[in-house]
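Trainee: give me a 3D structure for the following:
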Amino acid sequence: MKKWKVESDFIHHNLRCVVVMQTMGHRCGYVGVSANHPLYGKSYSDKCLPFNDIEGQSIGKRGIIPVAFMTVENGLVSPDVYFDVHGGITFADGGVGSKYPVESDLWWFGFDCAHCNDGIDLETAYKYNLMDEETYKRLKELESIFSDCECRSKEYVENECKSLAEQLASISSMGRVE
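Mentor: Numbers count the residues shown, from 1 in each chain. Here you go, the predicted structure:
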């Protein structure tokens, strides 16, 4: 059984963007940066970006928990609160030999659509063979739990990837990282 399915793989602002459908029916988005990008190799929790860039901004699409417990060290904050993307940055990994979300030597910054009020796309996950029939049937029985939740479409996640790519490209062009 597969663990994820790449639904979209494209370039935006000279950065590679990937949309992935996960096993349980939610999507994640990733933007990869090359070794010459100032955030290459940084964790999503590293204090490396200037707080004054985001000071006074609304929470936006960031995750409420990282923002509520945000710490500023020497005027710096972490990528998980710096970038205004769905739920905030929840993934940073990659490098030479990386196989997730796709095989590359890029460093990936990602976000997921498995937060409170995010729905799941059971039919697509099942169609992609990401879950077995028994799991599909059990989750289908619980589907009413997600009735007030919004399932984030592939197009929605692509647009969030584009937004993240633009934000990452602006960091690259200004070289602003500690």
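Trainee: was I right to think residue 15 contacts residue 30?
Mentor: No: when contacts are counted by C-beta atoms under 8 Å, residue 15 is not listed as touching residue 30 (10.1 Å). All C-beta atoms are positioned from the backbone trio N, CA, C, and that covers glycine.
Trainee: what about the two, which has more around it?
Mentor: Taking neighbours as other C-beta atoms under 10 Å, residue 15 and residue 30 compare with residue 30 leading, 27 against 22.
Trainee: help me confirm that the more buried one is found in a helix?
Mentor: No: using DSSP: H, G, I helix; E, B strand; the rest coil, the assignment for residue 30 is strand, not a helix.
Trainee: mind listing what it touches?
Mentor: 17, 18, 19, 20, 91, 101, 108, 109, 110, 161 (C-beta atoms under 8 Å, 6 or more residues apart in numbering).
Trainee: mind running it again at 6 Å?
Mentor: 18, 101, 108, 110 (C-beta atoms under 6 Å, 6 or more residues apart in numbering).
Trainee: any idea how many residues pack against the residue lying closest to the last one once chain neighbours are set aside?
Mentor: This means residue 110. Leaving aside its chain neighbours, residue 110 sits nearest to residue 91 (3.5 Å; criterion: C-beta to C-beta, 6 or more residues apart in numbering). The burial count assigned to residue 91 is 18, neighbours taken as other C-beta under 10 Å.
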